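Visitor: mind looking at a prediction? Sequence and model below.
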Amino acid sequence: MKALVTGGGGFLGKAIIKLLCDRGDEVRSFSRHEHPALITMGVEHCRGELSDAEAVKSAADGCDIVFHVAAKAGVWGPYEEFYRANVLGTRHVIAACRHHGIKLLVHTSSPSVVFDGTDMEGVDESMPYPEHFEAFYPQTKAEAEQLVLQANDQDLATVALRPHLIWGPEDNHLVPRILERGKKGALRKLGSRECLADTIYIDNAAMAHLQAADHLDIGSTVAGKAYFLSQGEPRPLWEVVNRILNAGGLPPVTRTISPLLAYWIGAVLEKVYTILKLKGEPRMTRFVAKELSTSHWFDLSAARRDFGYRPEISFDEGMERLRDWLRTADRQ
């Protein structure tokens, strides 16, 4: 199989590529920059932007399957940037698949596409998209997911996967953000209510993409569907944060702030950053305030039943691997 992985140099994209290479598949990566680690793995590389339809079409030429992992993530930024990468980019990926007669498309989505600001406790894929989003990332990812699922037909089989809070060695997003804010003493628990969250270790997230791909075909059980992915080990949210801090040699978060106060602080900071056109990201946003004060865990029955998803690395083992990697990184 020859696979195209968009965002191949990213955290999840690189993990997917490694698994594909390990089993002997031919891989091409599409991203904005070259990544030496992929070159040493023997991966072909195409540079370009998702917003460039011709670049995406060229990258997909000769491939049998596309893993569309690339996206603009984050809780802050101009709508146009999220739209170009997440919506327009996904349109271009679908168009490239149709142009080249590629029959399989695995899309990386997010549970945030159905987050309405309230608790998600054991929810399954029947949960509808909300009428309102607090941030452009989930809004544009929801539109992208719908484009992918609607594209499923007799010529193209598509599936959307929703991994929740991916973490592990080489993480360049979640873990660094937590450790950076932990070092500054800028983290606060939101309220005293114990909210459960289920995350996913990087190797489990990558393997799930291959498992779904191996079960994907025109008219197959997984075609045209979305699936939640996580460890299947819901834990108190701040236990997860504190375990990551502990792996990085930092003390736990003990100070608290009211969830309502955090929400309104986020709303004010968003206004200030918008009016003054400040660079960077507000310390708090409305979306983050809602995320940190609600539960997020999922019914994984569909993924288990339809493509045999089983997390191979437990939460505790993953934390030990993260701790070892952080210690090695500190010594380098």
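Guide: Everything's here; your move. Bear in mind the structure is a predicted one, so any value in this text is a computation, not a measurement. Numbering: from 1, shown residues only.
Visitor: so which bits of the lowest-mean-pLDDT helix or strand in the chain are buried?
Guide: Least confident helix or strand, the chain: helix 36-40 with a mean of 87, by mean pLDDT, DSSP states H and E. Using 16 or more other C-beta atoms under 10 Å as the test for burial, helix 36-40 gives Leu38. For every residue, glycine as well, the C-beta is placed using N, CA and C.
Visitor: tell me what it is packed against?
Guide: helix 11-22 (3 or more C-beta pairs under 8 Å, 6 or more residues apart in numbering; DSSP states H and E).
Visitor: so how far is the helix or strand following the helix it packs on off the chain centroid?
Guide: Next in sequence after helix 11-22, counting helices and strands by DSSP states H and E, comes strand 26-31. The chain centroid and the centroid of strand 26-31 are separated by 18 Å under C-alpha atoms, centre = their mean, to the nearest Å.
Visitor: direction included, what does strand 26-31 pair against?
Guide: As defined by DSSP bridges, the strand partners of strand 26-31 come to strand 2-6 (parallel), strand 44-47 (parallel).
Visitor: deepest of the ones you listed, which one?
Guide: Among the strands paired with strand 26-31, ranked by average contacts under mean count of other C-beta atoms under 10 Å, first place goes to strand 2-6 (a mean of 25).
Visitor: got the contact list for that one?
Guide: For strand 2-6, contacts defined as C-beta atoms under 8 Å, 6 or more residues apart in numbering pick out 13, 16-17, 20, 25-31, 50, 56, 59-60, 62-70, 89, 93.
Visitor: before we move on, back to that, which of the strands paired with strand 26-31 sits closest to Leu187?
Guide: Leu187 sits nearest to strand 2-6 of all the strands paired with strand 26-31, at 32.6 Å, using C-beta to C-beta.
Visitor: what's the angle between that closest one and helix 11-22?
Guide: Strand 2-6 and helix 11-22 are oriented at 170 degrees to each other (axes from the mean of the first three to the mean of the last three C-alpha atoms, to 10 degrees).
Visitor: what segments of the protein are helices?
Guide: For the chain, applying DSSP state H gives helices covering 11-22, 36-40, 53-60, 79-82, 89-100, 136-150, 174-184, 202-214, 237-247, 259-276, 286-291, 301-307, 315-331.
Visitor: okay if I get these as JSON lines plus distance to Lys225?
Guide: Shown next, in JSON lines, are these (distance: least, C-beta to C-beta, whole Å):
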{"stretch": "helix 11-22", "distance to Lys225": "19"}
{"stretch": "helix 36-40", "distance to Lys225": "30"}
{"stretch": "helix 53-60", "distance to Lys225": "23"}
{"stretch": "helix 79-82", "distance to Lys225": "24"}
{"stretch": "helix 89-100", "distance to Lys225": "16"}
{"stretch": "helix 136-150", "distance to Lys225": "7"}
{"stretch": "helix 174-184", "distance to Lys225": "26"}
{"stretch": "helix 202-214", "distance to Lys225": "9"}
{"stretch": "helix 237-247", "distance to Lys225": "28"}
{"stretch": "helix 259-276", "distance to Lys225": "33"}
{"stretch": "helix 286-291", "distance to Lys225": "25"}
{"stretch": "helix 301-307", "distance to Lys225": "7"}
{"stretch": "helix 315-331", "distance to Lys225": "26"}
